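**Q** kindly generate the corresponding structure for this input.
(chains A and B)
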Amino acid sequence: MPTLDVPPEINRALRFYYTCEATTVNREGQPVTWPTLAYYDEESGQILLTASIAFPVKAFNARRHPQVSLLYSDPTGAKLEQAPAVLIQGDAMVTELLDYNSSQVRGLFRAMIRRQPDSRRLISNRIVRRIFAWYLFQRLVITVRPRRLLVWSHGDFSVAPTEIEV
Amino acid sequence: MWNEQLAALAHGYSSGVLSIVDSNGYPLSVRCAVCLDETRQAFTLPTPPAQAMAWRGKACLLFHQYNERLEGLRQMVILGELVCEEGLLTLRVSKFVTANGRQNTDQMPHATSPLHMLQFFWLGWHNARTYLARRGRPWPAIPYKLIEHLLDEEEVASPTVSAGVQHV
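**A** Here you go, the predicted structure:
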């Protein structure tokens, strides 16, 4: 049973959207939003994102200001009909990605391979993967615990969202 | 600072993601249509979602797109101040940011443009060295054998045909 108690269509959106728009808050109090591949771990109800150590600003922001949000609003590739748009506000925890034995990290890795199938060639190539280790493997993990969800049915932002406290 | 080249790329997007920070310190985002106002060097939101009408202050506008194989990535962030001007919600721009380190394109590097890829590699490699130097100890060995095993498992579970190389 998922520990995040949400309707099935929201569960599907969290599982199948390729990316979400992750917003962190920088030192100046400015929101900064970047698209990112997110993995929803149904077992824990948490959402995992990563950032390369070469571009760690998102993780540094989340470490300093743990309140973050994730907007699922672009269903390209997700093969969902009438997908809702979902905004998750949550609390973030930042760690370094080191343990490939962890079920969450394995889940994240599988999600990346499935959504971006050509990444398999990079990872399989022994030279390329070493040259780009700073991008492919040396990454920071941002684990988000959802606190509040806003849902726009059918991704229609012209109507008021439904709010779900978690 | 205004960037004409990057601003013009906004024409290629049907919508953007607008974000602010709410009174509880959490970011809030919506997707909405955005117009480029080159004369005033600003972006306007002619039909913002109802809950965004009252948003003011520090804001971020993200444009991004990709295809069904998560390739063809383009992304561009615009930071600024959200104000109401002439009855229109308007983002006064303070900064354009791209994820590729360049100031003339929002396209992420791809193997089909080796120079672009090389520039991205040097930027990333240099930044990673800086991170590791601050970390003070080397990154542990990457478990390539385990990663290859995960790749094999995934190939069995979900066979795919690679059709090109994409660096993101």
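
**Q** ok, then the element right after whichever helix in chain A runs longest?
**A** Looking across chain A with DSSP state H, the single longest helix is helix A:103-115. Sequence order places helix A:119-124 as the next helix or strand after helix A:103-115, per DSSP states H and E.

**Q** do that next one and chain B come into contact?
**A** Yes: using C-beta under 8 Å from any C-beta of the partner chain, helix A:119-124 comes into contact with chain B via A:119-124. C-beta: built from backbone N, CA, C; applies to glycine.

**Q** now stretch A:77-97
**A** Yes: part of stretch A:77-97 sits near chain B under the criterion C-beta under 8 Å from any C-beta, namely A:77, A:85, A:87, A:89.

**Q** low-scoring stretches of chain A, by residue?
**A** A:1-2 (pLDDT under 70).

**Q** let's go with 90 and repeat that
**A** Low-confidence segments of chain A (pLDDT under 90): A:1-3, A:97-98, A:101, A:122, A:165-166.

**Q** just the pLDDT for the residue lying closest to B:Leu28 once chain neighbours are set aside.
**A** Spatial nearest neighbour of B:Leu28, excluding adjacent residues (C-beta to C-beta, 6 or more residues apart in numbering or on different chains): B:Asp22 at 4.9 Å. B:Asp22 is assigned 97 on the pLDDT scale.

**Q** these two touch, right, B:Asp22 and B:Ser29?
**A** No: shown here, B:Asp22 and B:Ser29 do not form a contact pair, counting by C-beta atoms under 8 Å, at 10.5 Å.

**Q** next, the residue sitting furthest away from the middle of chain A: phi, psi?
**A** Distance to the chain centre peaks in chain A at A:Ile127, reaching 28.2 Å (criterion: C-alpha atoms, centre = their mean). Phi and psi for A:Ile127, reported as degrees, to the nearest 10, are phi -80, psi -50.

**Q** any residues touching the lengthiest helix in chain B, and which ones?
**A** The single longest helix within chain B, with elements called by DSSP H, is helix B:114-135. By C-beta atoms under 8 Å, 6 or more residues apart in numbering or on different chains, the surrounding residues in contact with helix B:114-135 are A:52-56, A:131-132, A:134-135, A:138, B:100-102, B:107, B:109-111, B:138-139, B:167.

**Q** looking at those residues, which are in helices?
**A** If you go by DSSP H, these have A:131, A:134-135 in helices.

**Q** which one of those sits closest to chain B?
**A** Nearest to chain B among the ones in helices among the contacts of helix B:114-135: A:Trp134, at 3.4 Å, using C-beta to the nearest C-beta.

**Q** and B:Asp22 and B:Ser29? Which one has more around it.
**A** The residue with more neighbours, out of B:Asp22 and B:Ser29, is B:Ser29; 26 against 14, by other C-beta atoms under 10 Å in any protein chain shown.

**Q** just list whatever residues bridge to the more buried one.
**A** Applying DSSP bridges to B:Ser29 gives these bridge partners: B:Ser19.

**Q** all strands in chain A, in order from the N-terminus.
**A** A:19-25, A:31-37, A:39-41, A:46-52, A:67-72, A:85-96, A:139-152, A:162-165 (DSSP state E).

**Q** and residue 43, how many neighbours?
**A** Using chain A. A count of nearby residues for A:Glu43, using other C-beta under 10 Å, gives 13.

**Q** wrong one, chain B
**A** Look at B:Phe43: counted by other C-beta under 10 Å, it has 24 neighbours.

**Q** equivalent analysis for B:Gly72, please.
**A** For B:Gly72, the count of nearby residues is 13 (other C-beta under 10 Å).

**Q** look up the closest residue to A:Thr143, ignoring the ones flanking it.
**A** Nearest residue to A:Thr143 in three dimensions, chain neighbours excluded: A:Met93, at 4.8 Å (C-beta to C-beta, 6+ apart).

**Q** tally of neighbours for that neighbour?
**A** For A:Met93, the count of nearby residues is 13 (other C-beta under 10 Å).

**Q** now do stretch B:136-147: distance to the chain's middle.
**A** Stretch B:136-147 has its C-alpha centroid displaced from the chain centroid by 28 Å (C-alpha atoms, centre = their mean, to the nearest Å).

**Q** an error on my part: the question was meant for stretch B:97-104.
**A** Here stretch B:97-104 is found 9 Å from its chain centre; the criterion is C-alpha atoms, centre = their mean.

**Q** now do that stretch: everything it contacts.
**A** Under the criterion C-beta under 8 Å, 6+ apart, residues A:32, A:34, A:55, B:3, B:5-6, B:75-79, B:96, B:105-109, B:116, B:119-120, B:123 lie in contact with stretch B:97-104.
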